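Asker: quick one: sequence and predicted model below, then my questions.
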Number of protein chains: 2
Amino acid sequence: MESEPKLRIVVDAMGGDFAPAHEISGTLQALQETNGGFEAILVGKEEEIREHLRKQGVGGQSYSVVNASEVITMEDSPTAALKQKKDSSLAVGMRLHQEGKADAFVSAGNTGAVLSASTLILGRVKGVGRPTIGAFFPSEQGVFLLLDAGTNVDCRAQHLYEFAVMGSVYVKEIMKYEHPTVALLNVGEEKKKGTEIVQETYRMLETSALNFIGNVEGRDLLAGKANVVVCDGFVGNVLLKFGESVPSFLKSRLKRYAKTGFLRRLLVGLMRNPLRASLKDMDYEEYGGVPVLGVNGVSIIGHGSSSPKAIKNMILKALEVAKSRINRKIEEALAQSPPVPSPGQVIATAQ
Amino acid sequence: MESEPKLRIVVDAMGGDFAPAHEISGTLQALQETNGGFEAILVGKEEEIREHLRKQGVGGQSYSVVNASEVITMEDSPTAALKQKKDSSLAVGMRLHQEGKADAFVSAGNTGAVLSASTLILGRVKGVGRPTIGAFFPSEQGVFLLLDAGTNVDCRAQHLYEFAVMGSVYVKEIMKYEHPTVALLNVGEEKKKGTEIVQETYRMLETSALNFIGNVEGRDLLAGKANVVVCDGFVGNVLLKFGESVPSFLKSRLKRYAKTGFLRRLLVGLMRNPLRASLKDMDYEEYGGVPVLGVNGVSIIGHGSSSPKAIKNMILKALEVAKSRINRKIEEALAQSPPVPSPGQVIATAQ
């Protein structure tokens, strides 16, 4: 018998593009890999879920199924869907977590809806104005966290500052980066570059307790100049999606090159493995989803097209985050927040 | 004897990182390639320029040298430098163009300073609130123009609309794209995505005479969904610099892979040519610089590290733009501008 009770993870079985098949396979893989080290709660259309479980021929020790009659699709408007579909797998699952009947929540569903449900049902960590979702990027120095990745397109300086604090706590507690470096994404290195909002954020970060290394530019990202990079969700979203499209662009270009001769075709064929190996960590499946940061709970969100492996990694990540005390740390870090410098004050004292 | 007088092109001989060497070599290459088809006016420190010309052993038929005692560096603040360095090669050269003593201006110098000098000395085309500088991106469907690329970090909807008009005229007149498609860079395809400003821009573009195809996302850029993509200069700058860093990231990754075995090293060596060929048009040297759009004249700006070949291409581009009637077309297109929809009006009538 174990001394500690098992953690209970809600899996939104109806979330992703391949739900519930990938969700169920991924959950079973996670149970296998941890030797049943957690309790899975599959939430969604019960009959459909049980049908899939039967097909995969598994018994029912380490998991339970909770029925939810509705599904929020990728096309649904996040806030409207939450109001209209009260019995969605997302809402039902999130409430289980909020009521203390589960320790974490995992979904590959509609990102905006998961963020909204996390914020509305779990509530915000004290001191957080805007919860956020980040994205992991590869770099020459290892993986870094960019946030916001698209959930908050209009941000004030205070929000960007909070993203920096939450990102810094996350990479320290979960990714084990000691004294993580934090940078502000900007159009130049100098303090006075960028929009008014970005300049104000610079002044806040500079006086904060974070390990702030200043501005970084677009070209510094893949070079890996910082462990945490802060930007608004508009910039983050464009950048993330652009980055994800690079491998397929390269592939299309090489295909065209291969058509110009037999030897070239051969060569491009030989290049497949080195390229795949080199671009492996541009692959979101490895990261195990991204957390919604700043909410009172553990909510992990994955790509809509998540494979079973990606779902498995999301569950393992949820276990890790649930064991950490990350929300407490975020609250503490924000409590030491520097006073917001008003533009007037700062202009008077600059340089 | 030719019937038409030769066009006169001012080359800012002190502009780039390798000035005046690359500027002079590039100018001589352009003269050679066009069989002396234009008159070059090299502006900068006369003695230094003449010394370089002597070294390269050329006579003086198709070029002249105009002295300017000061140099604006890459580190100079654009507006301050223009005020303080009245006799800079940039200011002297731009004034020659403004006074009608030259037909175009070319520089690989400080981008912000070239934009400021173009705007202040040449003035704006009627109807243009903010002149802009774009950037050329490769795509699976050929090169497209993204603008603004970093000069206007804070934009209102009216500015973004003007960028769309100017970009559309440019790719039609100079790049010969028939009915060029115009898209708005956003975080989603739907009309209601993005910031307030982006949503307002959408409504303006939708009612304009442009061939507007709606929103595109970061992932659509390299796929080549549009000939002209509009965004504010913050997003454009981050994206441009990120894109430019991709080849070197790939190189570093492959280098690491090559270290894991002899055969792999061999393979990565063989990959050099296919990769170079495939990524060739991510190379700014091919594009011949980018024009400052919306100013009363022809001002072409290049990368600070421009090679002689890049300078040559900038001059050839300047000749082409000077022969076009692009500024007249921009003025005409803006005169048909749709009324700015106020948010109030639109909310009342939406859907």
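Answerer: Arrived safely. Numbering: from 1, shown residues only, chains lettered A, B, ... in the order given.

Asker: what ranges do the strands span in the stretch 151-300 of chain A?
Answerer: A:181-185, A:211-216, A:228-230, A:290-293, A:299-301 (DSSP state E, counting those that start in this stretch).

Asker: among those strands, which is nearest chain B?
Answerer: strand A:181-185 (6.2 Å; C-beta to the nearest C-beta). Bear in mind the C-beta positions are built from the backbone N, C-alpha and C, glycine included.

Asker: starting at the chain centroid, how far to the closest one?
Answerer: Offset of strand A:181-185 from its chain centre (C-alpha atoms, centre = their mean, to the nearest Å): 18 Å.

Asker: so in that sheet, which strands flank it, and in what orientation?
Answerer: Strand A:181-185 sits in its sheet next to strand A:211-216 (parallel), strand A:228-230 (parallel), going by DSSP bridges.

Asker: most neighbours per residue, which of these?
Answerer: strand A:228-230 (a mean of 31; mean count of other C-beta atoms under 10 Å in any protein chain shown).

Asker: show residues contacting it.
Answerer: A:137, A:144-147, A:160, A:163-164, A:167-168, A:171, A:180-185, A:201, A:205, A:216, A:221 (C-beta atoms under 8 Å, 6 or more residues apart in numbering or on different chains).

Asker: give me every residue in the stretch 1-150 of chain A lying close to chain B.
Answerer: When proximity is defined as C-beta under 8 Å from any C-beta of the partner chain, the stretch 1-150 of chain A approaches chain B at A:139, A:140, A:150.

Asker: ignore what I typed, I meant the stretch 251-351 of chain A.
Answerer: Counting by C-beta under 8 Å from any C-beta, the residues of the stretch 251-351 of chain A near chain B are A:252-254, A:256-257, A:264, A:267-268, A:270-271, A:274-275, A:277-279.

Asker: buried ones from those, can you make that a ChimeraX selection?
Answerer: Only the buried entries of these go into this ChimeraX selection, using 16 or more other C-beta atoms under 10 Å in any protein chain shown:
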select /A:252,253,254,257,264,267,268,271,274,275,278,279
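
Asker: which of the residues of the stretch 251-351 of chain A next to chain B lies closest to residue A:75?
Answerer: residue A:252 (27.9 Å; C-beta to C-beta).

Asker: next, find the distance separating that closest one from residue B:139.
Answerer: According to C-beta to C-beta, to the nearest Å, residue A:252 stands 10 Å off from residue B:139.

Asker: returning to what we had before: which of the residues of the stretch 251-351 of chain A next to chain B fall within helices?
Answerer: A:252-254, A:256-257, A:264, A:267-268, A:270-271, A:274-275, A:277-278 (DSSP state H).

Asker: still on that earlier bit, biggest separation within the residues of the stretch 251-351 of chain A next to chain B, which pair?
Answerer: A:256 and A:277 (22.5 Å).

Asker: now the helices for the stretch 101-250 of chain A?
Answerer: A:111-117, A:157-173, A:196-206, A:233-258 (DSSP state H, counting those that start in this stretch).

Asker: closest one to residue A:334 among those helices?
Answerer: Once the helices of the stretch 101-250 of chain A are compared by C-beta to C-beta, helix A:157-173 is nearest, at 5.6 Å.

Asker: now the closest one, how far from the centre of its chain.
Answerer: Per C-alpha atoms, centre = their mean, the centroid offset for helix A:157-173 relative to its chain is 13 Å.

Asker: which residues does the residue minimising distance to the centre of chain A contact?
Answerer: In chain A, the centroid-proximal residue (C-alpha atoms, centre = their mean) is residue A:290; its distance is 1.9 Å. Residue A:290 sits next to A:133, A:134, A:135, A:136, A:149, A:300, A:301, A:302 when contact means C-beta under 8 Å, 6+ apart.

Asker: make it 7 Å
Answerer: Residue A:290 is in contact with A:133, A:134, A:135, A:136, A:301, counting by C-beta atoms under 7 Å, 6 or more residues apart in numbering or on different chains.

Asker: doesn't residue A:145 make contact with the second one?
Answerer: Yes - counting by C-beta atoms under 7 Å, residue A:134 touches residue A:145, with 4.8 Å between them.

Asker: sounds good, over and out.
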